[in-house]
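*Asks:* The following block contains a protein sequence and its predicted model.
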Amino acid sequence: MHRDGAGLEMLSREESLTLLASVPVGRVVYTDRALPAILPVNFALDSDQTVVFRTGAGSKLAAATREAVVAFEADSFDTAAQSGWSVVAVGRSRVVEDTDEIERLSKLNIGTWVKTDPEHFIKIELYQVSGRRLRPDDQLE
C-alpha cells in the first residue's frame, strides 16, 4: 500500500474509478472568465471510463466546458468513523452531438435536481485519475 506525504492511502486508477462510479454527485472544476469555478453535478461513469453529466444547452457550464480541460472531483466521507475517500480526475470535456450516443447516454442513470430543456450531455475524457483514502485505523501524524 502506497501512502502520500499526509499518510493517506494512494489508490490505483482502477480503485479510483470504482469509487467514482459509486456516488451520484461530483464537482466540475472549470475556468470562468479566467477564474476557477466549481459546480456540483449529477453524473455517471460511462462504460468507456468517461464522466458524463447533463446541463442546459445555454448554461454557463455548457459554454465553459466546451472542449476545455477541466477537473472533476467526487468523494465520500464518514465523519463519525473518520474515514473516507476522494478522487480527482483531469481531462478534456466535450458536448455530445452524435444522436446515437445521446440516445445511449440518456439510458444511463444520471439523476437531476434541476430540470432543463433541452439538455446537453457533456463527457469528460479522463487523462489523469488519482484517489486518496483515509481509513479509521490510519494514524496521521
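*Replies:* The structure has been received and is ready for your questions. Every value quoted in this text rests on a predicted model; they were computed, and no experiment measured them.
*Asks:* for the strand or helix carrying Arg94, what is the average pLDDT?
*Replies:* For Arg94, the host element (DSSP states H and E) is strand 83-95. Across strand 83-95, the average pLDDT comes to 94.
*Asks:* Quick check: nearest residue in space to the residue nearest the centre of the chain, chain neighbours excluded?
*Replies:* The centre of the chain sits closest to Phe72, judged by CA atoms, centre = their mean, with a distance of 4.0 Å. Leaving aside its sequence neighbours, Phe72 sits nearest to Ala89 (CB to CB, 6 or more residues apart in numbering; 4.7 Å). C-betas here are computed from N, CA, C, even on glycine.
*Asks:* Can you list the buried residues in the helix or strand harbouring Phe77?
*Replies:* Per DSSP H and E, Phe77 falls inside strand 69-78. Neighbour-count burial for strand 69-78, counted by 16 or more other CB atoms under 10 Å, picks out Val70, Ala71, Phe72, Glu73, Ala74, Asp75.
*Asks:* Asn42: which of those residues is nearest?
*Replies:* Ala74 (10.9 Å; CB to CB).
*Asks:* where's the closest one relative to Thr18, distance?
*Replies:* Separation of Ala74 from Thr18 (CB to CB, to the nearest Å) stands at 12 Å.
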